[in-house]
Structure formats: structure tokens, C-alpha cells
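**Student:** predicted model, plus sequence, below.
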Amino acid sequence: MTSHLLTVVRSLCFSRDRTAELETFSDADWEALLPLCDRSHLTLPLGVRAIHRLPAWVRERIKRNLADNAMRHTRADTAYREIAAAFAARGVEYVVLKGFSQYPHYCSNLRYRPQYDLDIYCPPGAIQGALECVTGLGYTFFRRANSPMDHLPPLIRKTGWRPGTDYFDPEMPLTVELHFRFWDPETERFHPRPGEAFWARRISERYGSLEFPALSPDDRFSYAAWHLIRHLVRGDLRAYHVYEIAHFLDATATNDEWWSGWSRSRPSGVEALAFLLAREWFDCRLHPLADRLVELLPSPVHRWFEDFSFSPLTAWEHPNKDELFLHLSLVHGFRDRIHVLRRRLIPIRFQPPVLDAHVPSPSRGLRWKRGIFGVWFMAKRSIFHLRALFPVLRSAIRWHRALVRQPSRRLPRKLPSENAAR
């Protein structure tokens, strides 16, 4: 199955048309593969770019998904306008992260972009007012933060909706995430560069009749890359995170003016990690400045990509934590590396999602059901981490051997300086 999911990723590459490879799949292959496409958020791009290569029944299923997601987009628009009006009435300052601001460079049509939450950044002085506005609209926390984050715990409305197997159910309520910082250095133990200037450079954007505050295009791109790398080193990367960056890189590969302007925002090697992963997975073009930043990445990083670049894609089917070795190569200092190792190898802060979280007043039966589900979830996650231990040891030996080999190229041992792209 791993090879099939990789084929889907390759079919969405930007350098040439490889969608014909999808025609080799049997109906049984598609039945097993579609849930993985849903979880990796690749179903919609597959429908947009390769619908003509799919069996009739798969084609009809994804057409329904596209139509339902278009309805979800309308609901997201409505939910955002309601929150924006509450913020305006109270004078809360904020910017929209991702979401509407991803058009047009990160996706060709927002109606076909998967979106399950509204991400909003507020400066520290405004976060309490923003929270009061959102809770005043009927949203409430549905779980505690299970690890250090860059946002408050997600908020939802308890509408009574219950999830099924449809990732694109138009009735699925959106969650709201209120961000109070752009990066979590306490968890990641490395920092791309200070993000405080992002707020000062915010702008007003427009999508159709919708006007909203957003990060500047340069900062928006940097934040998208940081967001990808954060999910990568935490072991919960979705393929669509990489696809959006690849879409942007390919769309701007010949735009000298844009890249010259972005390079003045003092990029770092963290963005280059996202560039390299996007090129590996989706074979997108890179502007020469982006390619230069990739070449300046440390030799251990290039070694990791040579041996493990597709490991995050295969982790659902074959549990692994190969991204751990990339993370360790980005962290300096013994104590920081021990922190990363302990958190990834012996996780003690994960908690189960809340079953039927949108039910306002759970019955006694639902409370029992939640308890049983919690035990099942914890057992399942424990088994996953136990299953991953042997692959981690095996990959650690492989990683050690890769590092002691003669480097394939002479590269600096540190991340490129902030001025590298100038």
C-alpha cells in the first residue's frame, strides 16, 4: 500500500504528467487507498488534477467530495464573517493564517482546498479579548492542549453533529484555533528566525467580496514553510502540507521580482527544508534563490533526505520515526537533543480525542463510550510507539552509517545564515 500512496503523490508532480500510473490500480487497491488519500488530504487535488484517470466509481466518489468541500468552503466563509464582526465590535486585532490567504499561489481554487479549522493569530495583548469574542459566539474548548503549542486548545460549537467516515461532510462544524505565536521553540528546540516582525508587516487582503487582515505575502510564505516543518519534526505531517508548498514553488519558479523581495526578509535554512521536501515529493521547479538555499543546507540534512525523505509518507502503514534524525541534526546542545529524544521516544502527554465532541450534553451512555474509547485510543497509540521502536533502532544504525560515510558533497555544517539568499 505504501507504494500506491507514493504513486498518488508522484501523480501530482508538477514537472510532467504522470497521472497514467494511476490506471494500474485495481478496484481493491482504490478501496484501500482512498481512506489514506482522505487522511493525507490528497483526495481533492487528485480529483482536480487526475479525475480523468480514475475508475468511474472512484471518479463519482471524488466528485461528491469536491461538491461537499465547496459547501464546506461556504460555511467557512460564513463562520469567519461572524467571528470577524465580533472582533471588529470589540476592537480585537488579528490576522488570518492559511485558509483564505492561500489563494492563488498555494491552490488554484479555494473551494477545492481542504479546510477543517479557522486559524487566527492575535498578539499576546489581544488573545484574551479574541477568546471572549469566540466563546461569546457559542464556541467552547473541547479538550486540553496535549503538548506545548503555538495556539490555544481548539474551540468548537456543540451542535450535536456526530462524525462518520466522510472527511468532507458539509455539516461538519469547523474548529477555531487562536494562535498567540508563530513558532514553539520550547518544543522544537530550534528557531528559524524571530517572527515578531510578521505582525508589523501585516496587510489587508481580499478574496472575492471578503476582506481580511493577513500576513504579508513574504511572511505568509515563510510561515507556511515553518508550519510544514513543525508538523514534519513532530511526526504528524500530512502530504497536503507539502503539496501546497510545492504548488507555490512551481508557480513562482520564474518570478525573479518576488524571490528578490522575499530574500530581503532574511530567510533561514528552515524554509529551505520545506523547499527540499516539496521538490522530493512533488518534483516542483525551484527558483535559483530557493535552489541556492537548498544547496546550503548542512550535509547531515542532505544525507537524511537521501535515505529517509519518504518515511513521513509511509509512517501510517509502516510505523517509523525517521524524522527524529532530521530533528536531531537541526538541534544543537546535549540537553536539547535529550529533550527531543525523550519527547519523541517516550511520549507521555498524548491524550485521546473527545468522542462526539459536538454533543452538548452527553448522556451517561456516551460518557461510558468515551471512557472505553479513551482506553482503546491509548492502547492503540502505545502499540504504535512500541511498533516503532524497532524501526527506530534499525534506522538509527542506518543513520549512523550514513553520517560516517564520506559526504557526497562539501557543504557547511551549520544552517545557512539569514543573509544567505541575498
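**Tutor:** In hand now; what should we look at?

**Student:** residues in contact with stretch 122-130?
**Tutor:** Stretch 122-130 is contacted from outside by 87, 90, 91, 92, 93, 94, 120, 152, 178, 179, 180, 199, using Cβ atoms under 8 Å, 6 or more residues apart in numbering. From N, CA and C alone the C-beta is placed, and that goes for glycine too.

**Student:** give me that answer again for 6 Å
**Tutor:** Outside stretch 122-130, the residues that touch it by Cβ atoms under 6 Å, 6 or more residues apart in numbering are 90, 92, 93, 94, 178, 180, 199.

**Student:** got JSON lines for these, with neighbour count, pLDDT and distance to residue 228 too?
**Tutor:** Listed next are the contacts of stretch 122-130 as JSON lines, based on neighbours: other Cβ atoms under 10 Å; pLDDT from 0 to 100; distance: Cβ to Cβ, whole Å:
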{"residue": "90", "neighbour count": "13", "pLDDT": "96", "distance to residue 228": "33"}
{"residue": "92", "neighbour count": "23", "pLDDT": "97", "distance to residue 228": "28"}
{"residue": "93", "neighbour count": "15", "pLDDT": "97", "distance to residue 228": "26"}
{"residue": "94", "neighbour count": "24", "pLDDT": "97", "distance to residue 228": "22"}
{"residue": "178", "neighbour count": "24", "pLDDT": "96", "distance to residue 228": "21"}
{"residue": "180", "neighbour count": "17", "pLDDT": "94", "distance to residue 228": "20"}
{"residue": "199", "neighbour count": "16", "pLDDT": "94", "distance to residue 228": "21"}
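
**Student:** and the two most separated of the residues you listed?
**Tutor:** Farthest apart among the contacts of stretch 122-130 by Cβ to Cβ are 90 and 199. That separation is 18.4 Å.

**Student:** in the stretch 1-150 of the chain, where is pLDDT below threshold?
**Tutor:** Applying pLDDT under 70 to the stretch 1-150 of the chain flags residues 1-2, 143-148.

**Student:** residue ranges of the strands in it, please?
**Tutor:** 95-97, 117-121, 139-141 (DSSP state E, counting those that start in this stretch).

**Student:** with adjacent residues omitted, what lies nearest to residue 328?
**Tutor:** Spatially, and ignoring its direct neighbours in sequence, residue 328 is nearest to residue 337 (5.6 Å; Cβ to Cβ, 6 or more residues apart in numbering).

**Student:** for the stretch 1-150 of the chain, what spans make up the helices?
**Tutor:** Applying DSSP state H, counting those that start in this stretch to the stretch 1-150 of the chain gives helices spanning 2-11, 27-40, 43-50, 56-90, 127-136.

**Student:** hang on, residue 387 packs against residue 319?
**Tutor:** Yes - in this structure, residue 387 is within contact of residue 319 by Cβ atoms under 6 Å, at 4.6 Å.

**Student:** sorry, back to before: dump the helices of the stretch 1-150 of the chain to TSV, plus distance to residue 235.
**Tutor:** Formatted as TSV, the helices of the stretch 1-150 of the chain follow (distance: least, Cβ to Cβ, whole Å):
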stretch	distance to residue 235
helix 2-11	17
helix 27-40	14
helix 43-50	22
helix 56-90	26
helix 127-136	27
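
**Student:** what's the most buried one of those helices?
**Tutor:** Comparing those by mean neighbour count (mean count of other Cβ atoms under 10 Å), helix 43-50 comes out on top with a mean of 22.

**Student:** helices or strands up against that helix?
**Tutor:** helix 56-90 (3 or more Cβ pairs under 6 Å, 6 or more residues apart in numbering; DSSP states H and E).

**Student:** which SSE is immediately downstream of the helix or strand containing residue 294?
**Tutor:** According to DSSP states H and E, residue 294 maps onto helix 288-295. Proceeding N to C from helix 288-295, the next assigned helix or strand is helix 299-308, under DSSP H and E.

**Student:** buried residues of that next one, list them for me.
**Tutor:** Neighbour-count burial for helix 299-308 flags 299, 300, 301, 302, 303, 304, 305, 307, 308 (criterion: 16 or more other Cβ atoms under 10 Å).

**Student:** that helix - what's its average pLDDT?
**Tutor:** What helix 299-308 shows for mean pLDDT is 93.
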